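Participant: Build me a model:
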Amino acid sequence: MSKERIILMYHGIVNGQDPVPPGREVGADLYDVTESNFRDQLTMLREKNIKVKRIEEAGTVDVVITFDDGEANNCRTALPILKEFGYPAYFFVITRRVGRPGYMTMDELKTMVANGMVIGSHGMSHEILTNLKDTQIEEELAASRRYLERNLETEIRDFSIPRGFCNDKILRMAYAAGYKNVFISDRPRDLSDEQCHARVAVKQNWDLARFELAIKGEVPVKEAFMERTKNLTKLVLREGGYNWLRQVFIKIMK
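Facilitator: So this is what the prediction gives:
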């Protein structure tokens, strides 16, 4: 077991019954984990006696479970399984999509909170924050937090960076907006773990052997190369060029 804490990042947990949100970003289906695979993954954690905890409680050999985007299947499919295992999880919500087709309603978010899950913000619109003016960034951070706190009547302490584009300024603004923890998909090299929490994206095509590598903190050589290439591309091409190249990679992988 790796000495590093592992934070898993899920998106949709699908079973063929609950519809996925229409008009999702290109490549979103690559992160749709089936209900049976999700159950098998949690079973592996339990069989290996790996504890699943909240970020404040997690030690170096524990796992933290997170979900991005706030899809309706998170409540209808993932929640019952998490309850069965007794595992907490974080759910980061795009506030303007609450109640839209395929996304959780406010009542479902309240159900999540009532069952011990943590709701966090994923911004108002899923916009790439590094593309925005400071006033727009502040709105994405603060307004989404206020909306969730007002409707859920609970403190919102956690924020997930939309689409992984981040820098020191974004982090400073997030903490200034009242967040205590900031999560990101891939942490830039110039940001430390104390500043933001990097995560491992769980993908649709993973078998249990690949999942086991993830919870050990290991990455296959080919995937590691692709991740480094992706991160460098983000840095060099910025959002527009990166999105174009990402679509090309997705077509190749499919």
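Participant: what sits against V202?
Facilitator: When contacts are counted by CB atoms under 8 Å, 6 or more residues apart in numbering, V202 touches 8-10, 31, 33, 41, 211, 214. Heads up, the C-betas are built off the backbone N, CA and C, glycines and all.
Participant: Turn those into a markdown table, columns for secondary structure.
Facilitator: Converted to a markdown table, the contacts of V202 look like this (DSSP: H, G, I helix; E, B strand; the rest coil):
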| residue | secondary structure |
| --- | --- |
| L8 | strand |
| M9 | strand |
| Y10 | strand |
| Y31 | helix |
| V33 | strand |
| Q41 | helix |
| F211 | helix |
| A214 | helix |
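Participant: G164: which of the residues you listed is nearest?
Facilitator: Within those, the smallest distance to G164 is 10.1 Å, found for M9 (CB to CB).
Participant: if we can go back for a sec, please type out the PyMOL selection for whichever of the contacts of V202 turn out to be buried.
Facilitator: Selection command for PyMOL covering only the buried members of the contacts of V202, criterion 16 or more other CB atoms under 10 Å:
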select buried, resi 8+9+10+31+33+41+211+214
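Participant: The contacts of V202 into a markdown table, with extra columns for pLDDT?
Facilitator: Supplementary listing: the contacts of V202 in a markdown table, determined by pLDDT from 0 to 100:
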| residue | pLDDT |
| --- | --- |
| L8 | 98 |
| M9 | 98 |
| Y10 | 99 |
| Y31 | 96 |
| V33 | 98 |
| Q41 | 99 |
| F211 | 98 |
| A214 | 96 |
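Participant: between the contacts of V202, which is closest to I119?
Facilitator: With CB to CB as the yardstick, the closest approach to I119 among those comes from Y10, at 14.9 Å.
Participant: Tell me the spacing between that closest one and A198.
Facilitator: From Y10 over to A198 the distance is 15 Å, taken as CB to CB, to the nearest Å.
Participant: Return the list of helices and strands in contact with whichever strand in the chain runs longest.
Facilitator: Among the elements of the chain assigned as strand by DSSP state E, the one spanning the most residues is strand 63-69. For strand 63-69, the helices and strands in contact under the criterion 3 or more CB pairs under 8 Å, 6 or more residues apart in numbering; DSSP states H and E are strand 6-10, strand 90-93.
Participant: which stretch among those comes nearest D207?
Facilitator: Among the helices and strands packed on strand 63-69, the nearest to D207 by CB to CB is strand 6-10 (15.6 Å).
Participant: domain assignment for this structure?
Facilitator: Residue ranges for each domain of the chain read 6-218, 220-254, as given by automatic domain parsing.
Participant: Can you flag the weakest of the ones you listed by average pLDDT?
Facilitator: With a mean of 58, domain 220-254 has the lowest mean pLDDT of the domains of the chain.
Participant: Which residues does the longest strand of the chain contact?
Facilitator: 5-12, 21, 45, 50-55, 58, 74, 78, 82, 87-94, 97, 103, 122, 126, 160, 183, 197, 199, 215.
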